[in-house]
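**Q** Just need the structure, nothing else, for what follows:
(3 chains)
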Amino acid sequence: MTSLRNDAARLGAEGVTVGYADRVVLDNLDVSIPTGVITTVIGPNGCGKSTLLRTLSRLLKPRQGTVLLDGHDIAKLKTRDVAKRMGLLPQTPIAPEGLTVADLVARGRHPHQSWVRQWSSDDAGIVAKALRMTGVADLAHRPVDSLSGGQRQRVWISMTLAQGTDLLLLDEPTTYLDLAHAIDVIDLVDDLHEGGCTVVMVLHDLNLAVRYSDNLIVMKDGSVVAQGHPSDVITSDLLLDTFGLQAKVIDDPVSERPLIVPIGRTHVTSKVSLS
Amino acid sequence: MEQRGQAPAPAAASPRRLPGLAVLVVLLAVTAVLSLVVGARSLSPAEVWQGLFGDPGTDQRLTEITLIVQTLRVPRTVLAIVAGLALGVAGALIQGHTRNPIADTGLLGVNAGASFAVVLAVSVLGLQNPVHYLWFAFAGAAGAGVLVFGLSSLGRGAGNPLTLALAGQGVTVFLAAMTTAVALSGKQTLDVLRYWNAGSVQGAGWDVIGVTAVFVAAGLVVALVNLPAINLLNLGDDVARGLGVNIAAGRTTGVVAVTLLAGAATAACGPIAFLGLMVAHIARWITGPDYRFLVPYAGLLGALVLLAGDIAGRLVVRPAELAAGIVISLIGAPFFAALVRLGKFRQA
Amino acid sequence: MSTAELHAGVRVGGWSWVWRPWIVLVTLVLAALTFLVFCVSISVGDFTVELPAVIRTIFGQGERVDEFVIMDLRMPRALVGLIVGAALGISGALTQSIARNPLASPDVLGITGGASATAVFLVTATGGAAITSAVGLPAAALTGGLLTGLLVYFLAWRRGVDGFRLILIGISVSAVMQALTTWLLVLADIRDVARAQSWLVGSLDSRSWTEVWTTLWVTVALVLVVLMTSFQFRPMHFGDDVAAGLGVRYSAVRAVLLLCAVLLAGVAVSAAGPVPFVALVAPQITMRLLRTPVPPLIASGLFGALLLIGSDLIARTVLPNDLPVGIVTAIIGGPFLVYLLVRQNVKRVAP
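**A** As a prediction, the model looks like this:
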């Protein structure tokens, strides 16, 4: 495995062991997040993908090992400095009732503000730009809780944009969204990546992960079982071993990526080969 | 695939549960005897027997003993059992109906309502005899309980156990202030209030006990009728409806039972908090979530704990006494805190 | 959309704040109202002093005879009301923000129960002497309250503090304190019971300049700490994870603010007894007045002061036989609590 301290990786973990009170979830794990691409972590339930993301974002402290951000040990950096370099969108963020979109997005400027500098003209400009980029500018004065699920996710992403980082971590950003809105949100994430962001996501929808990522990290039982481009990584054997899923991998007619077609017990034609 | 974490099949559990009830009854009887024996002046079981059934004639010592046993010890023992039964069953019912693990008569404002009503009766109407202001206490307890329960089940916070606790606390604080306002108007009232507040099974006459017993009996009957419905209601309103349960009737019966039981017990003894909560949880730990067994266990445990609390109160500061209600709070509140720490109460 | 359509800013050199005209306006109006009620409270009593004379005296221009009545008798009481009300209002705003629950108030954190038990203990153990000692009783009550608050915090601590657990443990510790208080009242002499009962419902009677000075500096210091730390608290309304992502050390911030809430409530209780509902009502009402999504700090303090002094005024003038101020705040607060509970229902039913 290439050294983590090369230029291609802004974020990585070296020998991290992470656990909760009585059990260990990640054991001596090494992982490297390449710069400028979309990396998605996938795996069956309980494999530790959320734990990995939370460890990389400093929400969890590893018992052993180091997480490196831009070559520094993340545990030794000040929280504000980390926030200026890395944006995070956790699974279920709360928005107080009645809070407007503009106010929520503006909160993203927090790491750059202080008690006496709460709303500089830079802040105002960046927030306006973030609202435009995610297409929620005309919703600016509406309360967040009156928006649809898809719109709300855009607003939260807008907040992480306002934070002004080019490293973005998203924990299951499309859960609870219907397919149309999920595609919408991930297209937006892709736009940001095109603009230069490094993105790390946890997704549970395999086909979405395969289509939109340049780098897949496949996990099982707390270890990385495969890493690389979806076309290289996704095979029927991998799906069977890792997910216990019988599936056929074909070429996606819409994009130049693989498409996973699950094979169940019923409703399949009698002659199906797994190649 | 093996299913872990499932409750044991009912057939396997019930052989343990029925004998368990019998054990509790025996324990209760033993404790009752203890209650007759223990006090500022200890009596031997033989003396108790004489006090109960013997004819003292002119024997000074025997007359004293008969007096102690018959006018002091027996009434308080009986009241402790009756009130403990009532509060234990009420506590289990409240938890069953609200599906709220921290529901308790003390938290529901029942106690504050009773105190307020008593204070009104004493100061405004000049009632002195407990058997008179008993009725007011009953009405106050019932009214406050229904109010808090109703208010907290209305809102969006209805599923959250905290809403009930905070609503109860708010109503309690309000009623306590009103009670003080009235009580400060006269020394007499203040005196009655402070003794009333200390939740005691001591000092009630047979007239009070008699009335209380009638209400508690009625409440127990209603509660028994309600038990099968609670099991079904606990599966969720939709599922219960699908199984043919009349939800409104089930809930109303429950509220009536709780009002009769908690109201009567509070009216007779004064405010006793945490008893229902404690024994409902202990009972559940023994019997599992089947309310047909949980409630009887809770009742017997309630009687046992209240009686034990009363006995303890007689012993710790001998020859003075610590009211049973205070003893129960001093045990019950830490018990509750321990449960919270162990994570037994999860947010809805 | 242009930056002009977002909030305007107040910018001075490198310093900047968001300009929210409505909030500034309402806060100024609240301040003015509070000052007005403060003056009226001083002017009213057995011997009425005209309002203009009150204002003159406050600014040091008054006549000798007015000065005595005002400065020695009335002003301390009004000032204690002001400070205690502000402390309660801010403490309530903090508690509700930390617990993320509109029904929470510092009473549930156990401080009030602990302070009450200690105060009643002193009153009943020493006879009336403790009440007249202006330093002894408040100091003891404060200590008792703080120790209880600490106990609640440590009992609720389990790899961090969770609002839910904190409130439940606070309620149970308060119940124990309540039981102890009840027992003490049973044991006490009946004359002491009346005094204790009056203290227990919250009262501003016989408050003197000693109480003013002891509470003023502590409250001012705490309020400053709160204001400076509250900036760090704002992302925490989005949950701990988002807050961490935005660079907030949420455990430390929460601990500091909780400590301030406890201390403010403790100071308030030690000076005036456990005045009910001010800490619950002030943040909820100002939140609605200012139309903010979370309880506002300064406005809650102002409204708390207004509520307390106003209630004291009502207690002294409208109500019969000089009832303590706590009765009035309860009469106002109780129905408001009902309204809060019912209104949560209305919100759910609306589409």
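
**Q** hey, let's count contacts and neighbours off CA atoms from now on
**A** Will do.

**Q** what sits against residue 55?
**A** Since no chain was named, I'll use chain A. A:18, A:61-62, A:67 (CA atoms under 8 Å, 6 or more residues apart in numbering or on different chains).

**Q** my question was about chain C
**A** C:Ile55 makes contact with C:Cys39, according to CA under 8 Å, 6+ apart.

**Q** so it is in which element?
**A** Using DSSP states H and E, C:Ile55 falls within helix C:51-58.

**Q** Could you do A:Leu88 as well?
**A** Going by DSSP H and E, A:Leu88 is in strand A:87-89.

**Q** Now tell me what touches that strand from outside.
**A** With CA under 8 Å, 6+ apart as the test, strand A:87-89 has contacts from A:57, A:156-157, A:160-161, A:163, A:165-171, A:173, C:242, C:245-246.

**Q** Quick check: closest non-adjacent residue to C:Val40.
**A** C:Leu51 (6.7 Å; CA to CA, 6 or more residues apart in numbering or on different chains).

**Q** how near is the one you found to A:Asp191?
**A** Counting by CA to CA, to the nearest Å, the gap from C:Leu51 to A:Asp191 is 67 Å.

**Q** C:Val24: neighbouring residues, count only.
**A** C:Val24 is flanked by 13 other residues according to other CA atoms under 10 Å in any protein chain shown.

**Q** scratch that, A:Gly43
**A** By the measure other CA under 10 Å, the count of residues near A:Gly43 is 25.

**Q** Distance check, it against chain B.
**A** Using CA to the nearest CA, to the nearest Å, A:Gly43 is found at 22 Å from chain B.

**Q** circling back: reformat the contacts of A:Thr55 as TSV; add secondary structure, pLDDT and distance to A:Lys76.
**A** Converted to TSV, the contacts of A:Thr55 look like this (DSSP: H, G, I helix; E, B strand; the rest coil; pLDDT from 0 to 100; distance: CA to CA, whole Å):
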residue	secondary structure	pLDDT	distance to A:Lys76
A:Val18	strand	91	17
A:Lys61	coil	90	12
A:Pro62	coil	91	13
A:Val67	strand	94	10
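
**Q** now for the residues you listed, which pair is the farthest apart?
**A** A:Val18 and A:Val67 (11.3 Å; CA to CA).

**Q** just for the stretch 1-150 of chain C, where's the confidence low?
**A** C:1-5, C:127-135 (pLDDT under 70).

**Q** Any residues of it in contact with chain B? List them.
**A** With CA under 8 Å from any CA of the partner chain as the criterion, the stretch 1-150 of chain C meets chain B at residues C:103-104.

**Q** Please report phi then psi for the one residue in the stretch 1-150 of chain C that gets nearest to chain B.
**A** Residue of the stretch 1-150 of chain C nearest chain B, by CA to the nearest CA: C:Leu103 (6.2 Å). Note on C:Leu103: its backbone torsions stand at phi -90, psi 0 [degrees, to the nearest 10].

**Q** Tell me the spacing between the closest residue to it other than its chain neighbours and C:Ala243.
**A** What sits nearest to C:Leu103 in space, not counting adjacent residues and going by CA to CA, 6+ apart, is B:Leu166, at 6.2 Å. To C:Ala243, B:Leu166 is 27 Å away according to CA to CA.

**Q** Check which element follows the helix or strand hosting A:Lys129 along the chain.
**A** Element membership of A:Lys129 [criterion: DSSP H and E] is helix A:121-133. Note on helix A:121-133: by DSSP H and E, the next helix or strand toward the C-terminus is helix A:149-162.

**Q** Say whether chain C is contacted by that following helix.
**A** No - against chain C, helix A:149-162 shows no contacts by CA under 8 Å from any CA, the least distance being 8.7 Å.

**Q** could I get that helix in PDB with only the CA atoms?
**A** Taking C-alpha atoms only, helix A:149-162 is exported to PDB below (Å, rounded to 0.1, in the frame of the first residue of the first chain):
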ATOM      1  CA  GLY A 149     -36.400  16.100   2.300                       C
ATOM      2  CA  GLY A 150     -34.500  16.700  -0.800                       C
ATOM      3  CA  GLN A 151     -34.500  20.500  -0.400                       C
ATOM      4  CA  ARG A 152     -33.400  20.100   3.200                       C
ATOM      5  CA  GLN A 153     -30.400  18.000   2.300                       C
ATOM      6  CA  ARG A 154     -29.400  20.600  -0.300                       C
ATOM      7  CA  VAL A 155     -29.600  23.200   2.500                       C
ATOM      8  CA  TRP A 156     -27.300  21.200   4.800                       C
ATOM      9  CA  ILE A 157     -24.900  20.600   2.000                       C
ATOM     10  CA  SER A 158     -25.000  24.400   1.400                       C
ATOM     11  CA  MET A 159     -24.000  24.900   5.000                       C
ATOM     12  CA  THR A 160     -20.900  22.700   4.600                       C
ATOM     13  CA  LEU A 161     -20.100  24.600   1.400                       C
ATOM     14  CA  ALA A 162     -20.300  27.900   3.300                       C
END
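
**Q** Whatever helix or strand comes next after that helix relative to helix A:149-162, how many degrees between them?
**A** Downstream of helix A:149-162, the next assigned helix or strand under DSSP H and E is strand A:167-171. Counting by axes from the mean of the first three to the mean of the last three CA atoms, to 10 degrees, strand A:167-171 points 150 degrees away from the direction of helix A:149-162.

**Q** now the angle from the helix or strand following strand A:167-171 to helix A:149-162?
**A** Next helix or strand after strand A:167-171 toward the C-terminus (DSSP H and E): helix A:179-194. With the same axes, to 10 degrees defining the directions, helix A:179-194 sits at 10 degrees from helix A:149-162.

**Q** got the contact list for helix A:179-194?
**A** By CA under 8 Å, 6+ apart, helix A:179-194 touches A:36-38, A:134, A:149-150, A:153-154, A:173-175, A:199, A:208, A:212.

**Q** isn't B:Asp290 right up against B:Leu233?
**A** No - checked against CA atoms under 8 Å, the pair B:Asp290 and B:Leu233 is beyond contact range at 11.7 Å.

**Q** out of these two, which sits in the more crowded spot?
**A** Between B:Asp290 and B:Leu233, B:Leu233 has the larger neighbour count (other CA under 10 Å), namely 23 against 17.

**Q** burial count for residue 77?
**A** Because you didn't say which chain, this covers chain A. Neighbours of A:Leu77 (other CA under 10 Å): 11.

**Q** meant chain B actually
**A** B:Thr77, neighbours per other CA under 10 Å, totals 25.

**Q** does it count as helix, strand or coil?
**A** Secondary structure of B:Thr77, reduced to three states by DSSP: H, G, I helix; E, B strand; the rest coil: helix.

**Q** got a list of what it touches?
**A** B:Thr77 touches B:32, B:35-36, B:201, B:307, counting by CA under 8 Å, 6+ apart.

**Q** ok, now B:Ala257?
**A** B:90, B:219-220, B:222-223.

**Q** In which helix or strand does it reside?
**A** B:Ala257 belongs to helix B:247-269, assigned by DSSP H and E.
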